[in-house]
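**Q** Pasting a predicted model and its sequence here:
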There are 2 protein chains.
Amino acid sequence: MTGTAAIIGAGLIGRSWAIAFARAGWTVKLWDSDPRAPERAQATMAELLDDLADNDLLDGQTRQAVQERIAASDTLAKALEGADWVQENAPENVAIKQALWAEMAPLAGLSTILASSTSAIVPSQFTEGLSERERCLTAHPINPPYLVPAVELVPAPWTSRETMSRAEAVMHDIGQVPIMLRQEIDGFVVNRLQGALLDEAFRLVSDGICGADDVDAAIRDGLALRWSFMGPFETIDLNAPDGVRDYIERYQPLYTRLFHSMQRRVAWDGPVADQVEGERRARVAKSDLAERQRWRDRRLMALRRHKQEAGRRLGD
Amino acid sequence: MTGTAAIIGAGLIGRSWAIAFARAGWTVKLWDSDPRAPERAQATMAELLDDLADNDLLDGQTRQAVQERIAASDTLAKALEGADWVQENAPENVAIKQALWAEMAPLAGLSTILASSTSAIVPSQFTEGLSERERCLTAHPINPPYLVPAVELVPAPWTSRETMSRAEAVMHDIGQVPIMLRQEIDGFVVNRLQGALLDEAFRLVSDGICGADDVDAAIRDGLALRWSFMGPFETIDLNAPDGVRDYIERYQPLYTRLFHSMQRRVAWDGPVADQVEGERRARVAKSDLAERQRWRDRRLMALRRHKQEAGRRLGD
């Protein structure tokens, strides 16, 4: 396919999207309300692209070949001119999004898809009044999208089916894995799943059952190993001789009991916050967080490359 | 350290424990109520050990060197003689466990630790009446323990602190990662975390928000990537500039809203079971489940090796 993507907002998330589109051969036009932001973004992207090249994650392309496809636009209108896809990355504020989308949407071509990176605002809240609203949706990345393939595609009630299926095709084209929501819902799918697990994690620590480190080990050295290449449904489908229905018959009584013991929310910012913060800072001092984030990104790159290699060798 | 482990029950889980202990240099004595079971287990273990050797997961040892450490015992008494650790893998039935433990515990030495692999029975239910009860606990593996490091160590109310710290040391010694529970709780930690996430997953599919495949993609190509080398607390600790307390301040309002929308359980065996089963069987026919399980085991081995290599190269 390939085409032209307008990236609106050149901060952390906008830069990541620019890399994801450009790596896949798309032309990328970068605009930000701060006119100096795109230049700063180019410097940061050069470093990120060097890291990706070092980890063999540019599909054999050079950093320069990818970065040449990314150029700054002086105005919002110039950025949107000829764009097949618009990806908005403004601050998570409904009023800011509403104003920006009202200005931006009329500048787009008649078949352009307009997507927001928002993680916490459903798309109906900033697209309702737009005459382009049937081509508007949320495309929420799990950052950074050039390393984490999942992207949630969330329709507003008026987003057309054709828009959703074109959006799905574009995401596949640039190497992402689209999660197709059929209707908008607070938190979408990813943060709802994360929230359900975190609520139980905070409850266990608050109740003194185990420490935050134990929860991390239970996931890191336990559940998330299979989840990281199959997901939770395939995991239980393969954990009973006759598949998922067999699993449900065997284990539903246990999980029903557990559900009823989880109907109590622990305030994350209550006393449990001190304990979790204390355990974390014993592992990583606040002054070392930035270095640890770089470690995370290196491990994430190594994992991404492992999954590509294992998928080619053993199948997905 | 190294020592002698008595593996009671030579089925799927007992065999896996035998491999985990023997790989670490322990002497393993295998007993089963079916006298032919240990011999069958040796044949299966030979295949498993060959797979592990092929994937460089025997710490440089040959299959033969590891398997030589595993021998069948004719009687329960002989198996327990001289054992430092007893790992029981009987069926998940309270009456069976009570009878077995009443017979088994008095045969153990005065400093032997006795552990059960049970996933769903708290240890107080089969150890209360035993005079050895302060040395009894549950050591629940995430199968198979020779590939998945996490093991939940669950004390009964009367399990001594000394037993728990010795058990922790033994698990570290054989290369497992112990999850230290401070008190017993239904579902322990791992299945409680899994259940919380699965309940939301079934709810999303039942409500028509997305398909089971989308949930799997959201975890497999999204959340579980970072979880598989950090766990959920470290993930959020690194997802806000000033660490986990900063994350809580930023996102607690979202997660509080989500929690309140999750206070409704969908019966897993209701209509949603048909949909999940339908999606799964469209991906993997029932007749192909065994082959897909072998694929899972190969991917799990490759992931384990990747994590060892990435940990050495980039740190854990």
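**A** Structure's in. What do you need?
**Q** quick one: low-confidence parts of chain A?
**A** In the predicted model, chain A carries no residue with pLDDT under 70.
**Q** mind listing the strands in it by residue range?
**A** Assigned by DSSP state E, the strands in chain A fall at A:4-8, A:27-31, A:70-72, A:85-88, A:113-116, A:136-141, A:150-155, A:177-180.
**Q** What are the buried residues along stretch A:269-286?
**A** Within stretch A:269-286, the residues scored as buried using 16 or more other C-beta atoms under 10 Å in any protein chain shown are A:272, A:273, A:275, A:276, A:277, A:279, A:280, A:281, A:284. Yep, even glycine has a C-beta here, placed from its N, CA and C like the rest.
**Q** does chain B sit close to stretch A:114-132?
**A** Yes - Stretch A:114-132 is in contact with chain B by C-beta under 8 Å from any C-beta of the partner chain, via residue A:120.
**Q** residues of that stretch that come out buried?
**A** Within stretch A:114-132, the residues scored as buried using 16+ other C-beta under 10 Å are A:114-119, A:121-127, A:130, A:132.
**Q** next one: stretch A:138-149
**A** Going by neighbour count (16+ other C-beta under 10 Å), the buried part of stretch A:138-149 is A:138, A:139, A:140, A:141, A:142, A:144, A:145, A:146, A:147, A:148, A:149.
**Q** give me every residue that touches the residue most central in space within chain A.
**A** With the centre of chain A defined as its mean C-alpha position, the nearest residue by C-alpha atoms, centre = their mean is residue A:142, 1.6 Å away. The neighbourhood of residue A:142, defined by C-beta atoms under 8 Å, 6 or more residues apart in numbering or on different chains, consists of A:148, A:150, A:151, A:190, B:222, B:223.
**Q** Name the nearest of those relative to residue A:17.
**A** Closest approach to residue A:17 among the contacts of residue A:142 (C-beta to C-beta): residue A:151, at 9.7 Å.
**Q** The closest one and chain B, how far apart?
**A** 9 Å (C-beta to the nearest C-beta, to the nearest Å).
**Q** Now do the contacts for the residue nearest to that residue when sequence neighbours are not counted.
**A** Nearest in space to residue A:151, with sequence neighbours left out and distances taken as C-beta to C-beta, 6 or more residues apart in numbering or on different chains, is residue A:176 at 4.6 Å. For residue A:176, the residues meeting the contact criterion (C-beta under 8 Å, 6+ apart) are A:20, A:141, A:145, A:149, A:150, A:151.
**Q** How about residue A:280?
**A** Residue A:280 touches A:212, B:233, B:234, B:237, B:243, B:244, counting by C-beta under 8 Å, 6+ apart.
**Q** how deep is the fourth one tucked in, by neighbour count?
**A** Spelled out, it's residue B:237. Summarising burial for residue B:237: neighbours were counted as other C-beta atoms under 10 Å in any protein chain shown, giving 29.
**Q** how close does the residue lying closest to it once chain neighbours are set aside get to residue B:232?
**A** Spatial nearest neighbour of residue B:237, excluding adjacent residues (C-beta to C-beta, 6+ apart): residue B:244 at 4.2 Å. Taking C-beta to C-beta, to the nearest Å as the criterion, residue B:244 is separated from residue B:232 by 11 Å.
**Q** Ok, residue A:212 next?
**A** Computed with C-beta to C-beta, the distance linking residue A:212 and residue B:232 is 9 Å.
**Q** Show me the common contact partners of the two, please.
**A** residue A:201.
**Q** number of nearby residues for the residue nearest to residue A:100 when sequence neighbours are not counted?
**A** Sequence neighbours aside, residue A:90 is the residue nearest to residue A:100 in space, at 5.2 Å (criterion: C-beta to C-beta, 6+ apart). The tally of other residues near residue A:90 (other C-beta under 10 Å) stands at 22.
**Q** right, and residue A:90 touches residue A:7 too?
**A** No - assessed by C-beta atoms under 8 Å, residue A:90 is found out of contact with residue A:7, at 11.4 Å.
**Q** Look up the closest residue to residue A:23, ignoring the ones flanking it.
**A** In space, not counting the residues next to it along the chain, residue A:23 is nearest to residue A:66; the distance is 5.4 Å by C-beta to C-beta, 6+ apart.
**Q** Oops, could you answer that again for residue A:264 instead?
**A** Distances taken as C-beta to C-beta, 6+ apart put residue A:203 closest to residue A:264, at 7.1 Å, once the chain neighbours are dropped.
**Q** List the residues that contact the closest residue to residue A:199 other than its chain neighbours.
**A** In space, residue A:199 comes closest to residue B:259 once its chain neighbours are excluded; the distance is 5.6 Å by C-beta to C-beta, 6+ apart. Applying C-beta under 8 Å, 6+ apart to residue B:259 gives the contacts A:195, A:199, A:265.
**Q** The first one contacts residue A:187, doesn't it?
**A** Yes - at 6.4 Å, residue A:195 and residue A:187 qualify as touching, with contact defined as C-beta under 8 Å.
**Q** Overlap of the contact sets of the two?
**A** Shared contacts of residue A:195 and residue A:187, counting by C-beta under 8 Å, 6+ apart, come down to B:254, B:258.
**Q** So which residues of the stretch 51-200 of chain A form helices?
**A** Secondary structure of the stretch 51-200 of chain A (DSSP state H, counting those that start in this stretch): helices at A:63-67, A:76-80, A:94-104, A:124-127, A:161-173, A:190-206.
**Q** most tightly surrounded among those?
**A** Ranked by average neighbour count under the criterion mean count of other C-beta atoms under 10 Å in any protein chain shown, the helices of the stretch 51-200 of chain A are headed by helix A:190-206 at a mean of 24.
**Q** Done for today, thanks.
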